[in-house]
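S.K.: Below are the sequence and a predicted model; questions follow.
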Amino acid sequence: MATSTAPAVRYSTAKVATSKEAQAFSWEAPVPVNRFWDDFDYCLSRNFLGNFTNDELRSQQSAIDPDSEAPKTEKLELLLRLLEEKLATEEEVSVVWFDAPLHVREYKRWQSLVQGIYTMQDALDRLDDAEKSIRLLVDRCPPGGGQQDENGSSSSLVSSANVGALHMLGDHLVKMKKFVEAEETALPVREWMDASPKLGRDSPQALGSRRIILRALWGQGPERKADAEAVLAEIYAIIEDLGTGTSRFSVYQEEEKEIIDKMVKDLAPRD
């Protein structure tokens, strides 16, 4: 008699886990299924795991116990410390051996580590530290990523190099209740994502950008209610279209519907 076994890894959604095509998206990668990592959502886990090679992760098994039942906060402190140590080590190597700061010599590598640190600070509710980290990512980004942008522009305020950092900054500014700045940050990000040949307006990233704009508008009070409702209607329309079978991102429809339904319930009522 055949027996079923629990999956050893997970992806952003259960449907992605059964779709080889979806697993090929650059933002999808496996996360271990065990007591340590099951405490965290997919994005947080990937923002740590993506900064280490398999050999490095194996060498950390003494620090990261897959069967750990430690409190979630204690686990987050551990992940933050490991990322900070790795960043410090790589920055020292870059200066000593290559005579250049890591963010100048290898920006994407530095960006990934600082993004991981930001993610842990944010999860630990160290919002001031997290804001410093994410603003540092934006401030140190080379113009245009040092090359023509994939959308055909090398002069845009948003580029393939900084779009991720700006996207996170907009989200963080909403948490800090800096709603006007959050809107101003997120609007060009949404425009860039809509035009991106790799993403497009029906991508999870572009939908996420619209959710940031929705929360930023909602937070500005009744005078922006109509604008917020227009964005909300657009989000639901895009999600509905994901079910037509013509989108590359149809595998995310169920998750996107759950996210926006929950967000609508969580938003404070506006009269």
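M.R.: Cool, the structure landed.
S.K.: quick one, helices of the stretch 101-250 of the chain?
M.R.: Ranges of helices within the stretch 101-250 of the chain are 102-105, 107-123, 127-139, 163-175, 179-195, 204-219, 225-241, based on DSSP state H, counting those that start in this stretch.
S.K.: same question for the fifth one, mean pLDDT?
M.R.: By that I understand helix 179-195. Mean pLDDT, helix 179-195: 96.
S.K.: how about that helix: buried residues?
M.R.: By neighbour count on 16 or more other Cβ atoms under 10 Å, the buried set for helix 179-195 is 179, 182-183, 185-195. For every residue, glycine as well, the C-beta is placed using N, CA and C.
S.K.: Longest helix in the protein, by number of residues?
M.R.: Longest helix in the chain, counting residues (DSSP state H): helix 72-98.
S.K.: For that helix, name the packing helices and strands.
M.R.: When contacts are defined as 3 or more Cβ pairs under 8 Å, 6 or more residues apart in numbering; DSSP states H and E, helix 72-98 packs onto helix 42-49, helix 102-105, helix 107-123.
S.K.: Report the buried residues of the first one.
M.R.: For helix 42-49, burial by neighbour count (16+ other Cβ under 10 Å) applies to 42, 44-49.
S.K.: just to revisit the earlier point, so which of the helices and strands packed on helix 72-98 is the most packed in?
M.R.: Ranked by mean neighbour count, the helices and strands packed on helix 72-98 are led by helix 107-123 with a mean of 21 (mean count of other Cβ atoms under 10 Å).
S.K.: Need the CA coordinates for that helix. CSV is fine.
M.R.: Output in CSV follows, covering the C-alpha atoms of helix 107-123 (Å, rounded to 0.1, in the frame of the first residue of the first chain):
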residue,chain,number,x,y,z
TYR,A,107,26.2,46.0,-5.5
LYS,A,108,23.8,43.2,-6.1
ARG,A,109,25.6,41.0,-3.5
TRP,A,110,25.6,43.8,-0.9
GLN,A,111,22.0,44.6,-1.8
SER,A,112,20.9,41.1,-1.1
LEU,A,113,22.5,41.0,2.3
VAL,A,114,21.2,44.3,3.4
GLN,A,115,17.7,43.4,2.2
GLY,A,116,17.9,40.2,4.3
ILE,A,117,19.0,42.3,7.3
TYR,A,118,16.1,44.7,6.7
THR,A,119,13.6,41.8,6.5
MET,A,120,14.7,40.5,9.9
GLN,A,121,14.7,44.0,11.5
ASP,A,122,11.2,44.6,10.2
ALA,A,123,10.0,41.2,11.5
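S.K.: what angle sits between it and helix 42-49?
M.R.: Helix 107-123 and helix 42-49 are oriented at 130 degrees to each other (axes from the mean of the first three to the mean of the last three Cα atoms, to 10 degrees).
S.K.: Tell me which residues are up against helix 107-123.
M.R.: 40, 43-44, 47-48, 50-51, 76, 79-80, 83-84, 86-87, 90-91, 102-103, 127, 129-130, 133-134, 136-137, 140-142, 145-146, 161, 164-165, 168, 172, 175 (Cβ atoms under 8 Å, 6 or more residues apart in numbering).
S.K.: rewinding a little: determine how far the longest helix of the chain lies from the middle of the whole chain.
M.R.: In this view, helix 72-98 has its centroid 19 Å away from the chain centroid, taken as Cα atoms, centre = their mean, to the nearest Å.
S.K.: do stretch 125-132 as well
M.R.: Distance of stretch 125-132 from the chain centroid (Cα atoms, centre = their mean) equals 16 Å.
S.K.: re earlier: figure out which of the helices of the stretch 101-250 of the chain is closest to Ala24.
M.R.: Of all these, the one in closest proximity to Ala24, counting by Cβ to Cβ, is helix 204-219 (14.5 Å).
S.K.: Show the average pLDDT along that closest one.
M.R.: 97.
S.K.: which ones are touching Leu157?
M.R.: By Cβ under 8 Å, 6+ apart, Leu157 lies in contact with Pro188.
S.K.: That one and Glu229: what is the separation?
M.R.: 27 Å (Cβ to Cβ, to the nearest Å).
S.K.: ok, back up a step: buried subset of the contacts of helix 107-123?
M.R.: By 16+ other Cβ under 10 Å, these give 40, 44, 47-48, 51, 76, 79-80, 83-84, 86-87, 90-91, 102-103, 129-130, 133-134, 136-137, 140-141, 145, 161, 164-165, 168, 172 as buried.
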